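[1] predicted model follows, preceded by the sequence.
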Amino acid sequence: MSEKDSKNTPQAPEKLGLSRRGFLGASAVTGAAVAATAFGGAVMSRESWAAAVKNAQQNIHVAPGELDDYYGFWSGGHQGEVRVMGVPSMRELMRIPVFNVDSATGWGLTNESRAIMGESAKFLNGDCHHPHISMTDGKYDGKYLFINDKANTRVARIRLDIMKCDKMITVPNCQAIHGLRLQKVPHTKYVFANAEFVIPHPNDGKIFDLQDENSYTMYNVIDAEKMEMAFQIIVDGNLDNTDADYTGRFAAATCYNSEKAYDLGGMMRNERDWVVVFDIHAAEKAVKEGKFITLGDSKVPVIDGRKKAEKDSQFTRYIPVPKNPHGLNTSSDGKYFIANGKLSPTVSMIEIAKLPDLFADKLKDPRDTIAAEVELGLGPLHTTFDGRGNAYTTLFIDSQVVKWNMADAVRAYNGEKVNYIKQKLDVHYQPGHIHASLCETSEADGKWLVALCKFGKDRFLPTGPLHPENDQLIDISGDEMKLVHDGPTYAEPHDCIMARRDQIKTKKIWDRNDPFFAPTVEMAKKDGINLDTDNKVIRDGNKVRVYMTSMAPAFGVQEFTVKQGDEVTVTITNIDQIEDVSHGFVMVNHGASMEISPQQTSSITFVADKPGLHWYYCSWFCHALHMEMVGRMMVEPA
Ligand code: CUK
Ligand code: CUA
Ligand code: CA
């Protein structure tokens, strides 16, 4: 048996427990003890375990030239991009720059991308966490993927037919969009986005007290098609993660800072924080009836869902749950909102069928909606589902994934003697999000599970003080979870999502009428340019617009002359019709770089501030004579 296999065996906890102990200190000792006892029921012989792992590893082998069964979309965390993976091979297929700058494609540099980023194009950083695919009737429709930017309070949309970001908005009146989920039913009309941090309103430097009644945060509801704010709901406490139900009426969000504290001690003071449940239909009605305010310059309707207003407003309810809850996950059978306890070893199962009574004030206590508080292990963060009644929860402190049965957990909570824990599997190390194939839909298929581990530690060749993270692939198709693959990733995939490959339909080449570059087409039209054929230089004061085609291996314009200080816009249309023949454009020493894929138009603007001869070249390998695909800009001194 190889060294690698031995790390995958459940008999290894003594060994792993040691390193965890060294690693996390005293609190982990209790974690390791819980882990060790939990293994009692699930021990296989080393030999049969190794055979099972080998068998599972054959399942993930995707031979050269063969295609994966699933598309995976991984958030790039504070790196700012979205990564497209093939599952189960875990091969990285593509990167989609979103809240970052990318010199290969020119994202953040081209006029098209900067127009999409709008005002926020001035930011060069982002921090994305939660990628989610649009749905119709609770199933992925493959149209869009939405993702949050915690760093600069933005939400972006990616069109999955071209796998490019096509819309981005900055959420007003808020700081730090964290949790993000989509309405599942009847279709993704709304994107739900949690603003995490409590801020004063107005935030003009006059109030700094978080306990002030004008200090609050909001639940944001965004029109998914228009990518405009629909409305905002003021809440008590703060907001962490969110999810929506399978009726289209309810959404829920966790709050870890019900204390409205500004420091660690303060945020951990209460034994229970809460889950806020939103009645989206009632909120829509309040907005329609004009029962809203606006804040500052913003025109977005703001409705008050705080506790003191809840009996009137009828669109929020607060359900106390232990302690600093983190992930909020709707079970794929539509029955439960599951809040993951983080500082409590439990998850709380909120029964969605009881929510209409909660809103109708027919329950004595909001806690009457709790179907079970399920004890799982230390540091539960996120939960996912296999569509067979089982849930899988990450235990951050224990470095484990725990598989448990939801119906059994409810029975045990009601006093029956049933063992609801089916298996605990060591993962490496400290998992955050967890995601099973199709688990956010009613079609959860229970094939693959990905645990996104925050620490890679000793699992890979060392890369200096900064280590890769470890996205581990687990086969959940059988009765037992089997760890089959370690996937090193660059900082920091908080979350991922997997869809069947038939659910995503991509274009082979660009459509000449694509709205992605419509503003550039409009500009060319005003200049009397036919982008498909014309190679022309247009002077407009000190602005120079250079229009050219590209076809392997030549640019339509091989030289042009400008004056020092001119603002130059180069617009290139790739008239190649052949799939996969992308060109690039780089103006040497001018910070200008972009991609032009077949039938795409791209443009970039820079200042010709240095006199002399300046070469430009094609940066995407397109032809045997790719190196020769060059041109010159002649800059005459001012
Ligand atoms: S959060 Cu990162 S582990 Cu931003 Cu979804 Cu839970
Ligand atoms: Cu065109 Cu390389
Ligand atoms: Ca708290």
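    Perfect, thanks for sending it. Ligands and ions are numbered 1, 2, ... in the order given.

[2] hey, let's count contacts and neighbours off CA atoms from now on
    OK.

[3] so what pLDDT did Gly309 get?
    Slight slip there: residue 309 is Ala, not Gly. Note on Ala309: pLDDT of 78.

[4] should've said Gly40
    Reading off the model, Gly40 has pLDDT 36.

[5] also the one 10 residues further on?
    pLDDT for Ala50: 71.

[6] excluding chain neighbours, what is closest to Val581?
    The spatially closest residue to Val581, leaving aside those adjacent along the chain, is Cys622, at 5.7 Å (CA to CA, 6 or more residues apart in numbering).

[7] report how many residues lie close to His583.
    30 (other CA atoms under 10 Å).

[8] could you do the one 3 residues further on as well?
    Counted with other CA under 10 Å, the neighbours of Val586 add up to 22.

[9] ok, now which ones touch the residue nearest to Val581?
    For Cys622, the contact set (CA atoms under 8 Å, 6 or more residues apart in numbering) comprises 552-553, 581-583.

[10] do that again at 7 Å, thanks
    552, 581-583 (CA atoms under 7 Å, 6 or more residues apart in numbering).

[11] that one and ligand 2, how far apart?
    4 Å (CA to the nearest ligand atom, to the nearest Å).

[12] cool, and Arg501?
    30 Å.

[13] tell me the secondary structure for the residue nearest to Val581?
    Put simply, Cys622 is coil when judged by DSSP: H, G, I helix; E, B strand; the rest coil.

[14] for the residue of the stretch 101-250 of the chain found nearest ligand 2, phi and psi?
    Nearest residue of the stretch 101-250 of the chain to ligand 2: Ala104, at 12.4 Å (CA to the nearest ligand atom). Main-chain torsions, Ala104, degrees, to the nearest 10: phi -70, psi -50.

[15] contacting residues for it?
    Per CA under 7 Å, 6+ apart, neighbours of Ala104: 593-595.

[16] again with Gly456
    When contacts are counted by CA under 7 Å, 6+ apart, Gly456 touches 428-429, 467-470.

[17] how about the residues you listed, which pair is most distant?
    The most widely separated members of these, counting by CA to CA, are His428 and His467 (12.9 Å).

[18] okay, these two: which has more neighbours?
    Using other CA under 10 Å, the more surrounded residue of His428 and His467 is His428, with 26 against 20.

[19] can you tell me the SS state at that one?
    Secondary structure assignment for His428 (three-state DSSP): coil.

[20] that one and Phe73, how far apart?
    21 Å (CA to CA, to the nearest Å).

[21] try Ile293
    From Ile293 to Phe73 the distance is 37 Å (CA to CA).

[22] show me which of those two is the more surrounded one.
    Each of Ile293 and Phe73 has its neighbours counted (other CA under 10 Å); Phe73 has more, 28 against 13.

[23] does that one touch Pro493 like I think?
    No. Contact criterion CA atoms under 7 Å: Phe73 and Pro493 do not qualify, at 9.7 Å.

[24] give me the neighbour count for Glu628.
    Neighbours of Glu628 (other CA under 10 Å): 12.

[25] OK, contacts around the closest residue to Glu628 other than its chain neighbours?
    Leaving aside its sequence neighbours, Glu628 sits nearest to Pro553 (CA to CA, 6+ apart; 7.2 Å). Applying CA under 7 Å, 6+ apart, we find Pro553 in contact with 623, 625-626, 629.

[26] buried subset of these?
    623, 626, 629 (16 or more other CA atoms under 10 Å).

[27] turn those residues into TSV, including distance to ligand 1 and pLDDT.
    TSV is the format used below for the buried ones among the contacts of Pro553 (distance: CA to the nearest ligand atom, whole Å; pLDDT from 0 to 100):
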residue	distance to ligand 1	pLDDT
His623	43	97
His626	42	98
Met629	44	98
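
[28] looking at the residues you listed, which is nearest ligand 2?
    Closest approach between these and ligand 2, by CA to the nearest ligand atom: His626, at 4.2 Å.

[29] which residues of the protein lie near ligand 1?
    129, 178, 327, 432-433, 494 (CA under 6 Å from any ligand atom).

[30] just those residues that are near ligand 3?
    Among the residues of the chain next to ligand 1, not one lies near ligand 3 by CA under 5 Å from the ion.

[31] out of those residues, which comes closest to ligand 3?
    Gly327 (14.0 Å; CA to the ion).

[32] show me the contact partners of stretch 262-269.
    257, 259, 261.

[33] neighbour-wise, which of those leads?
    Asn257 (29 neighbours).

[34] which helix or strand contains the closest residue to ligand 1 within the chain?
    Nearest residue of the chain to ligand 1: Gly432, at 3.8 Å (CA to the nearest ligand atom). Gly432 is part of strand 431-436 when elements are defined by DSSP states H and E.

[35] what's near enough to touch the closest residue to Thr346 other than its chain neighbours?
    Leaving aside its sequence neighbours, Thr346 sits nearest to Glu375 (CA to CA, 6+ apart; 4.3 Å). Taking CA under 7 Å, 6+ apart as the criterion, Glu375 is in contact with 345-347.

[36] for Leu358, state which of those is nearest.
    Val347 (20.2 Å).

[37] look at that closest one and say how many residues are nearby.
    30.

[38] ok, back up a step: near ligand 3 too, which of the contacts of stretch 262-269?
    Answer for these near ligand 3 (CA under 5 Å from the ion): Asn257.

[39] need the contacts of stretch 262-269 in CSV (columns: distance to Ser603).
    Formatted as CSV, the contacts of stretch 262-269 follow (distance: CA to CA, whole Å):
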residue, distance to Ser603
Asn257, 46
Glu259, 50
Ala261, 48
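
[40] tell me the one of the contacts of stretch 262-269 nearest ligand 3?
    Asn257 (4.3 Å).

[41] so that closest one is in contact with Asn238, correct?
    Yes. The pair Asn257 / Asn238 is scored as a contact, 5.4 Å apart, by CA under 7 Å.

[42] where does the residue in the stretch 301-450 of the chain positioned nearest to ligand 2 land in three-state SS?
    Nearest residue of the stretch 301-450 of the chain to ligand 2, counting by CA to the nearest ligand atom: Val450, 37.1 Å away. Following three-state DSSP, we place Val450 in the strand state.

[43] now do the strands in the stretch 151-300 of the chain.
    Ranges of strands within the stretch 151-300 of the chain are 154-159, 164-170, 177-182, 190-195, 199-200, 215-223, 228-235, 242-244, 250-255, 272-279, based on DSSP state E, counting those that start in this stretch.

[44] paired strands for the longest one, with orientation please.
    Translated: strand 215-223. Here strand 215-223 is paired, per DSSP bridges, with strand 190-195 (antiparallel), strand 199-200 (antiparallel), strand 228-235 (antiparallel).

[45] format those strands as JSON lines; extra columns: mean neighbour count and mean pLDDT.
    Output for the strands paired with strand 215-223, formatted as JSON lines (neighbours: other CA atoms under 10 Å; pLDDT from 0 to 100):
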{"stretch": "strand 190-195", "mean neighbour count": "28", "mean pLDDT": "98"}
{"stretch": "strand 199-200", "mean neighbour count": "21", "mean pLDDT": "98"}
{"stretch": "strand 228-235", "mean neighbour count": "22", "mean pLDDT": "98"}
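
[46] among those, which is nearest ligand 3?
    Of the strands paired with strand 215-223, the one closest to ligand 3 (CA to the ion) turns out to be strand 228-235, at 15.0 Å.
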